[in-house]
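*Asks:* Got a predicted structure plus its sequence, pasted below:
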Amino acid sequence: MSATSKLASERDAIRALFAATDARDLERVTSYLHDDVVVALSNREPIHGATAYAELYGQIAGMLSSLRHEIHEIWSAAEDPAIWIVRMTVHYGRADGATVSLPCCNVLRFRAGRVSDYRVFMDMTPVFA
């Protein structure tokens, strides 16, 4: 696979990962993650493994009526093309009917076509206030 097609493939995988997240399709979400993925969500301790990520996601999604990731930009890191930066707004539908929209930046590292390191930079406090 050429470097250009690899970059395009990973960019497509990022979009598909967030579409699956919004659809609450955990099987599809975890298919984009390595079994040993490390996920750092905001200021929480990192979690290890796709199964642990799916459990955490299930807990968070269970408290929401809806979730939508609005991707604004996706950049490949200049010094390491395996690293991607995703700038977006995440729209959370709360159980009380309110919608909270928050800026977010995720940093993803790919290994062999799947995410091996997943860092989420955002303050989710307003979602659960």
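*Replies:* All right, it came through fine.
*Asks:* Find the centremost residue of this protein, please.
*Replies:* Nearest residue to the geometric centre of the chain (C-alpha atoms, centre = their mean): Phe18, 6.0 Å.
*Asks:* Surely Asp123 touches Pro103?
*Replies:* No. Counting by C-beta atoms under 8 Å, Asp123 does not reach Pro103; the two are 9.0 Å apart. (C-beta placed from N, C-alpha, C; glycine too.)
*Asks:* and the nearest residue to Leu41 once chain neighbours are set aside, how many residues sit next to it?
*Replies:* Once flanking residues are discounted, Leu41 sits nearest to Val120: 4.7 Å by C-beta to C-beta, 6 or more residues apart in numbering. Val120 has 17 neighbours, counted by other C-beta atoms under 10 Å.
*Asks:* which stretches of this protein form helices?
*Replies:* Remark: helices assigned in the chain by DSSP state H are 3-22, 26-31, 50-62, 125-128.
*Asks:* Please identify which of those is closest to Trp75.
*Replies:* Shortest distance between Trp75 and these, using C-beta to C-beta, is found for helix 3-22: 9.7 Å.
*Asks:* Pull the distance from that closest one to the chain's centre.
*Replies:* 11 Å (C-alpha atoms, centre = their mean, to the nearest Å).
*Asks:* ok, now stretch 102-109?
*Replies:* Worked out by C-alpha atoms, centre = their mean, stretch 102-109 lies 7 Å from the chain centre.
*Asks:* List the buried residues in stretch 86-93.
*Replies:* 86, 88, 90, 92 (16 or more other C-beta atoms under 10 Å).
*Asks:* ok, back up a step: how about the residue nearest to the centre of the chain: what's its closest non-neighbour residue?
*Replies:* Phe18 sits nearest to His69 (C-beta to C-beta, 6+ apart), 4.1 Å away.
*Asks:* and that neighbour, how many residues sit next to it?
*Replies:* 17.
*Asks:* again with the one 3 residues further on
*Replies:* Other residues within reach of His72 by the criterion other C-beta under 10 Å amount to 11.
*Asks:* In contact with it, which residues?
*Replies:* If you count contacts by C-beta atoms under 8 Å, 6 or more residues apart in numbering, His72 has them with 87-89.
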